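> here is the input, now give the coordinates:
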Amino acid sequence: MIEIAPSILSADFSRLGEQIQSVERAGASLLHVDVMDGRFVPNITIGLPVVKAISRATQLPIDAHLMIVEPGQYAEQFVRAGAKMVSVHLEADPHIHRTLSSIRAAGAHAGIAINPATPLSALEEAVKFADYVLIMSVNPGFGGQEFISASLDKVRRLRKLIDERGLKVRIEIDGGINRDNVAEVAGAGADIIVSGSAIFGAPDPATALRELREATVLWV
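Sure, this is the predicted structure:
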């Protein structure tokens, strides 16, 4: 089953609790939380205290995407803060096996995130240690960017690699996904689809979420 994960990066933070409850009632599977440090990406967002607060405000599993340098120092802390999924960037962590192992040991699913220009060959050894791979379909750092269409082929090739190896690794994709391209993204082989602006930028986030989910069901 394809899951839709609303990204709170695009939410109205003055009404964050209300907006989270809205997408939860509308059937969101996960809540995607982008953590940025102003170093790995040119933006600063939220950290551990906000993740802790969100975990108390929702029943949805929190999917924390760490766009930070030295993620190995913090990944386990995000699990303790309430995240059920934590992804770290391959480009930021030379010891990613150790980081993924620490996330799993803490009780969460461990993910590898890769930027648009990072080749799948970089995952050659690491993919078998992950529960999921997050394909960035925009350059990370800001919401509202245009979908990079080459990401579709990247998802297809990753799907083939995972299936050929018999791995139980899910594919997540994040960036620029909306009603116009979500069906194609689903058809390429993504298991988890992150969407921010298309949901929280809409007049009614709950309706926007339902429309995205319906589009993926129609494709399948």
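
> who are the packing partners of the helix or strand of the chain with the lowest mean pLDDT?
In the chain, the helix or strand scored least confidently by mean pLDDT, DSSP states H and E is helix 205-219, which has a mean of 86. Here helix 205-219 touches strand 3-6, helix 16-25, helix 182-188, strand 192-195, helix 197-200, going by 3 or more Cβ pairs under 8 Å, 6 or more residues apart in numbering; DSSP states H and E. For glycine as for every other residue, the C-beta is placed from the backbone atoms N, C-alpha and C.

> ok, now with 7 Å
strand 3-6, helix 16-25, helix 182-188, helix 197-200 (3 or more Cβ pairs under 7 Å, 6 or more residues apart in numbering; DSSP states H and E).

> touching that helix from outside, list them.
2, 4, 6, 19, 22-23, 25-28, 179, 182-183, 186-187, 193, 195, 198-199, 202 (Cβ atoms under 7 Å, 6 or more residues apart in numbering).

> what residue ranges in the protein are flagged as low confidence?
Applying pLDDT under 70 to the chain picks out residues 218-220.

> where do the strands sit along it?
Along the chain, counting by DSSP state E, strands occupy 3-6, 31-36, 62-67, 83-89, 109-114, 132-136, 170-174, 192-195.

> I'd like these as JSON lines, with distance to Gly47 and mean neighbour count appended.
Below are the strands of the chain laid out as JSON lines (distance: least, Cβ to Cβ, whole Å; neighbours: other Cβ atoms under 10 Å):
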{"stretch": "strand 3-6", "distance to Gly47": "20", "mean neighbour count": "26"}
{"stretch": "strand 31-36", "distance to Gly47": "6", "mean neighbour count": "25"}
{"stretch": "strand 62-67", "distance to Gly47": "10", "mean neighbour count": "27"}
{"stretch": "strand 83-89", "distance to Gly47": "12", "mean neighbour count": "27"}
{"stretch": "strand 109-114", "distance to Gly47": "17", "mean neighbour count": "23"}
{"stretch": "strand 132-136", "distance to Gly47": "19", "mean neighbour count": "25"}
{"stretch": "strand 170-174", "distance to Gly47": "19", "mean neighbour count": "24"}
{"stretch": "strand 192-195", "distance to Gly47": "19", "mean neighbour count": "25"}
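
> for those, which one sits closest to Gly144?
strand 192-195 (11.4 Å; Cβ to Cβ).

> who's in contact with the closest one?
Everything outside strand 192-195 that qualifies as a contact, by Cβ under 7 Å, 6+ apart, is 2-7, 30, 32, 170, 172-174, 177-178, 182, 185-186, 212, 216.

> quick check: phi and psi on Ala81?
Per-residue torsions, Ala81: phi -80, psi -10 (degrees, to the nearest 10).

> repeat for Gly166
Residue torsions, per degrees, to the nearest 10, at Gly166 are phi 70, psi 30.

> now swap in the one 10 residues further on and tell me
According to degrees, to the nearest 10, the main-chain angles of Gly176 amount to phi 70, psi 20.
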